[in-house]
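[1] Sequence and computational prediction follow.
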Amino acid sequence: MSLSLNEYIWQHRSDASLQRVAPLLLGVAQACSQIASAVRNAALNHASGAAGTDNIQGEAQQKLDVISNDIMVAATQELARVLASEEVEQVIAGNPTADLALVFDPLDGSSNLDVNISVGTIFSILSAPQGGSDEAVCLQSGTRQLCAGYALYGPATMLVITTGMGVNGFTYQEETGLFVLTHPDLRIAPQAQEFAINASNQRHWEQPIQAYIADCLEGRDGVRERDFNMRWVASMVAEVHRILLRGGVFLYPADSRAKTRNGKLRLLYEANPMAMLVEAAGGAASTGQMRLLAIEPTELHQRVPVILGAKDEVALIEGYFNQG
Ligand code: AHM
Ligand code: MG
């Protein structure tokens, strides 16, 4: 029998962390089904293209970035004490009586929108104890996340979540408006034969990344003694989803350019939630020098180098950094 997200939550009523986040998680799921519809119908509704504004990162916002952010805020503001979004410079005050924080990237990979390639929403739920500023509540290390997940707006809309023990994937069923459990207990094999990296940045990479990719490219003729395949969607949600389904590693390293000297991806609402999912599926997530989830954040929009996926492969990449 296929379980809906609501039924799954009921079936796991002894899982205290899941019960604690359940109302907010259902709010996020509701928002994601609305964002899926906004994305699918954007060209028909004249909601494609640039919004004509920049976000805090100095990146041009798409109309759908703004629409998705507004949908997520409207669906969750009453359910969390504070929200933080990639698209908004400061934290957004929520319901002062709530004890959770929601950190999210409303529409990740939005450079893919105009070409109808998969995009997604990434989110993280944290505890928001009384006291401390709203911003301080969001600046917790990834190890303290209560729940993390993403929605993938691809050929099917999916919601993939974890509360730390296992990763489960739900597919959105148009007819019923329900997310149905279709991919229970996703696991990442420890070894990999596929990597994902934006190779156009190669000349800017630091030496350990240069050495690792060079060894992969040599394939069975080199030290790795096997051929590697390569993928790059330029949508982190799609890359992580692929890794959860068929393995591999994903790298967005720091490089020598000023704007990416700490990597491109954001710690709180991209790296941390994905790292929690990947670890819960038996994989690993690292900066190359340390476990991603152990970083103590200092800024809402801080960037971080990201290497995640197959556990043995991530450990091997860390070895390239240790040699350097
Ligand atoms: P965004 O939050 O502005 O969409 O940027 C994040 C995206 C990730 O989904 C993806 O991994 C990366 O940027 C792609 O970067 P690049 O344009 O260098 O390929
Ligand atoms: Mg993003």
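    That came in fine, so what should we check first? Ligands and ions are numbered 1, 2, ... in the order given.
[2] Next, count neighbours for the closest residue to ligand 1 within the stretch 1-150 of the chain.
    Of all residues in the stretch 1-150 of the chain, the one sitting closest to ligand 1 is residue 109 (3.9 Å; CB to the nearest ligand atom). (Glycine included, C-beta is placed from N, CA and C.) Each residue near residue 109 was counted by other CB atoms under 10 Å, and the total is 21.
[3] What of the one 4 residues further on?
    Residue 113: 22 surrounding residues under other CB under 10 Å.
[4] again, but for residue 53
    Burial of residue 53, expressed as a neighbour count using other CB under 10 Å, amounts to 12.
[5] Angles on the backbone of it, please.
    Residue 53 adopts backbone torsions of phi -130, psi 160, taken as degrees, to the nearest 10.
[6] State the three-state secondary structure for the nearest residue to it once chain neighbours are set aside.
    Once its chain neighbours are removed from consideration, residue 53 has its nearest residue in residue 61; the separation is 5.0 Å (CB to CB, 6 or more residues apart in numbering). Residue 61 falls in the strand class when you classify it by DSSP: H, G, I helix; E, B strand; the rest coil.
[7] and residue 61, what pLDDT?
    Residue 61 is assigned 87 on the pLDDT scale.
[8] Surely it touches residue 54?
    Yes: at 6.5 Å, residue 61 and residue 54 qualify as touching, with contact defined as CB atoms under 8 Å.
[9] what's the pLDDT at whatever residue of the stretch 1-150 of the chain ends up closest to ligand 2?
    When scored by CB to the ion, the stretch 1-150 of the chain has residue 108 as its residue closest to ligand 2, at 3.6 Å. According to the per-residue confidence, residue 108 scores 97 in pLDDT.
[10] thought it was touching residue 239?
    No: under the criterion of CB under 8 Å, residue 108 is not in contact with residue 239, lying 10.4 Å apart.
[11] residues from the stretch 1-150 of the chain in reach of ligand 1?
    59, 86, 105, 108-111 (CB under 6 Å from any ligand atom).
[12] Buried among these? Make that a ChimeraX selection.
    With 16 or more other CB atoms under 10 Å as the criterion, this ChimeraX line picks the buried residues out of those:
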select :86,105,108,109,110
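[13] So which of the residues of the stretch 1-150 of the chain next to ligand 1 belong to strands?
    Among these, the members falling in strands (DSSP state E) are 105, 108.
[14] about what we covered before: out of residue 61 and residue 54, which sits in the busier spot?
    More neighbours surround residue 61 than the other of residue 61 and residue 54, with 19 against 11 (other CB under 10 Å).
[15] Which strands and helices lie in contact with the least confident helix or strand in the chain by mean pLDDT?
    Scoring the helices and strands of the chain by mean pLDDT, DSSP states H and E places strand 50-54 at the bottom, with a mean of 84. Using 3 or more CB pairs under 8 Å, 6 or more residues apart in numbering; DSSP states H and E as the contact criterion, the secondary-structure elements in contact with strand 50-54 are strand 60-62, helix 63-76.
[16] on that earlier part again, for the residue of the stretch 1-150 of the chain closest to ligand 1, what are its contacts?
    Listed by CB atoms under 8 Å, 6 or more residues apart in numbering, the contact set of residue 109 reads 117-120, 233-238.
[17] By neighbour count, which of those wins?
    For the contacts of residue 109, neighbours were counted by other CB under 10 Å; the highest total belongs to residue 120, with 31 neighbours.
[18] how about the helices of this protein, start to end?
    Read by DSSP state H, the chain holds these helices, from start to end of the chain: 5-11, 16-40, 63-76, 134-138, 207-218, 236-246, 272-280, 311-323.
[19] looking at those, which is buried most?
    Relative to the other members of these, helix 272-280 carries the highest mean neighbour count by mean count of other CB atoms under 10 Å, namely a mean of 27.
[20] related to what we said a few turns ago, quickly, which of the helices and strands packed on strand 50-54 bottoms out on average pLDDT?
    Per-segment confidence across those bottoms out at strand 60-62, which has a mean of 86 in mean pLDDT.
[21] can that one be found next to ligand 2?
    No: interface with ligand 2: strand 60-62 contributes nothing (CB under 5 Å from the ion), its closest point being 11.5 Å away.
[22] change the start of the numbering to 706 and stick with it
    With the count now opening at 706, the last piece we talked about shows up as strand 765-767.
[23] Neighbouring strands - and their directions - for that strand?
    If you go by DSSP bridges, strand 765-767 pairs up with strand 755-759 (antiparallel).
[24] Between helix 768-781 and the strand it pairs with, find me the angle.
    For strand 755-759 and helix 768-781, the angle between their directions (axes from the mean of the first three to the mean of the last three CA atoms, to 10 degrees) works out to 80 degrees.
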